[in-house]
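**Student:** build me a structure from this.
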Amino acid sequence: MKRNYTNIEVDARMWNSSGIGRFLREIVQRAPSDLNIMLRGNLDVPNVATVDASPIYSLREQFTRAGSGSVVWVPHFNISWLDMRERVVTIHDVAPLALPAVFGRGLRRWYAWSFMWFLGKTSRHVFFVSKFTLSEYRFYLGFTPRSSSVVLNGVDSFWTKGLNSEAEHFKINQPAKRILVVGNLKEHKNILQVCAALREMGDRGQVELRVVGKRDGFITGAVRLPECTWIKLLGQISDEELRSEYRCASCFVMPSLYEGFGLPILEAMSAGCLVAISDIPVFREICMTDNQVQIAEFFDPRSTDDVRKAITRALSLSPADRICRIEESKRHAQYYSWESAANKIWTVLADVAAHEGEMI
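**Tutor:** Have a look, this model is predicted:
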C-alpha cells in the first residue's frame, strides 16, 4: 500500500547523460516501492509514471510546471525560480564558479552563481556528493544551506560480476598496454595531458590510449584530440562494454583538473583495474583508506612529466604488488554504496513530503 504522501516528482531530464544520469538511474531504481514517484522528462521507464518536460537550460523551463507533485527533487542546480513547490536539490560540483577559464567569467558564471545562491536559500534540503563539494559551495557562495547533508555516490556490484583471471591474463600478454580514460572531451577533463604524457613514454606501438565518453555537443565546447593510430575514441558505450574496457585496461587514468566526485575511479577499482589519478582534493577524499594503504598513483594534472611518471609506476608494479593493489582497491570501493545513498535521499524526500511547509 502506498504511503499517504503527495507525489514526489523527480527532474529526470538528464536521465540519459553519463554523470548525473548514472546517479539518477541508480537512485531511482532503488526508490521504496511505497512512495508515489513520477519522473519529469520525455522518458519511457517501466513501472514509473512520467510527465513531459521543457528542454534543460531553456527559458521555457522557468515558466513550466511539469507535474502534479507538490515535492520536487532536482539533481542539478538548474531549478525553476517560479516553481513554488517544496524542493530538494543535489549539487554535484560548482565547476562553473571554480573554473572561469573554462566556463567563462561573464553571464554564464553569473547564471550559475545566482541559481546556486537561490536554491541554497529556498530549498527544503540540499545534498552534496562530497565534503569537497560542500566546502566549495561555502567558499563561492559564502554560506551553507540551512538544511543540507553530504551523501556520497556509490558503486554497483555490476562492475565486479564475472571477474576472473582471464582479463588479468589478457592485460599481461596483450601486445600493447591499454591506457583507459573515461570522460567527455570538455577542457577541464584534461585528456590532452594524458596524450602528451604517453607521447613522451616512447614507442607508440607499446601503448594504446582508449577514450570512452561523449565527444561533442557541450555548451562550453570540446577539445580535439590528436589523430593518431594509438588513440582510440570509443564514444559512448554500454555498461557491459565499459566493464570490459576496465577489465582489459592496464591502467585507468583520470586526469581531471576539477571534479565534484569521481565515480569512474570507483568503477575501475571495482572492476579490478589499477588507477592513476589527479592529485586534487576530492580524489584524495574518495581514495582515503583507513589503513593508509596506497590504492592509486597520484599525479599533478598540470605536469605532463608527473602524469607520465605515475602511469609508468602503475605499469611497472610487480605481479604480486599489482594483485595486492587491485584487491585493496576493490575492498575500498565496497565502502561506497548506492543502497546507502538511495536510502538517505529517499528518507529526506519522504520526510519533506510528509511534513510540507516544515523545516526538517
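**Student:** could you chop this protein up by domain?
**Tutor:** 8-154+337-354, 157-333 (automatic domain parsing).
**Student:** redo these as a markdown table? Include mean pLDDT.
**Tutor:** Formatted as a markdown table, these follow (pLDDT from 0 to 100):
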| stretch | mean pLDDT |
| --- | --- |
| domain 8-154+337-354 | 89 |
| domain 157-333 | 87 |
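**Student:** for these, give me TSV that also has mean neighbour count.
**Tutor:** To be clear about C-beta, it is placed using only N, CA and C from the backbone, and glycine gets the same treatment. Formatted as TSV, these follow (neighbours: other C-beta atoms under 10 Å):
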stretch	mean neighbour count
domain 8-154+337-354	18
domain 157-333	18
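**Student:** any idea how far residue 290 lies from residue 127?
**Tutor:** 24 Å (C-beta to C-beta, to the nearest Å).
**Student:** likewise for residue 115?
**Tutor:** Look at residue 115 and residue 127: by C-beta to C-beta, they are 16 Å apart.
**Student:** do a quick rundown of the strands in the stretch 51-200 of the chain.
**Tutor:** In the stretch 51-200 of the chain, the strands defined using DSSP state E, counting those that start in this stretch lie at 71-74, 86-91, 125-128, 148-150, 177-182.
**Student:** make JSON lines from those strands and add distance to residue 80 to it.
**Tutor:** Converted to JSON lines, these look like this (distance: least, C-beta to C-beta, whole Å):
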{"stretch": "strand 71-74", "distance to residue 80": "8"}
{"stretch": "strand 86-91", "distance to residue 80": "9"}
{"stretch": "strand 125-128", "distance to residue 80": "16"}
{"stretch": "strand 148-150", "distance to residue 80": "20"}
{"stretch": "strand 177-182", "distance to residue 80": "32"}
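**Student:** quick one: closest of those strands to residue 333.
**Tutor:** Shortest distance between residue 333 and the strands of the stretch 51-200 of the chain, using C-beta to C-beta, is found for strand 177-182: 14.8 Å.
**Student:** parallel or antiparallel, list what pairs with that closest one.
**Tutor:** strand 207-212 (parallel), strand 251-254 (parallel) (DSSP bridges).
**Student:** who touches that strand?
**Tutor:** 171, 191, 194, 198, 206-213, 242, 245-246, 248-255, 264, 267-268, 273, 311, 315 (C-beta atoms under 8 Å, 6 or more residues apart in numbering).
**Student:** and stretch 48-57, how far out from the chain's middle?
**Tutor:** Here stretch 48-57 shows a centroid-to-chain-centroid distance of 22 Å under the convention C-alpha atoms, centre = their mean, to the nearest Å.
**Student:** change the start of the numbering to 51 and stick with it
**Tutor:** Sure thing, new numbering starts at 51, so read that last one as stretch 98-107.
**Student:** for the stretch 201-350 of the chain, what spans make up the helices?
**Tutor:** Taking DSSP state H, counting those that start in this stretch as the criterion, the stretch 201-350 of the chain carries its helices at 215-223, 241-250, 289-298, 313-320, 331-336.
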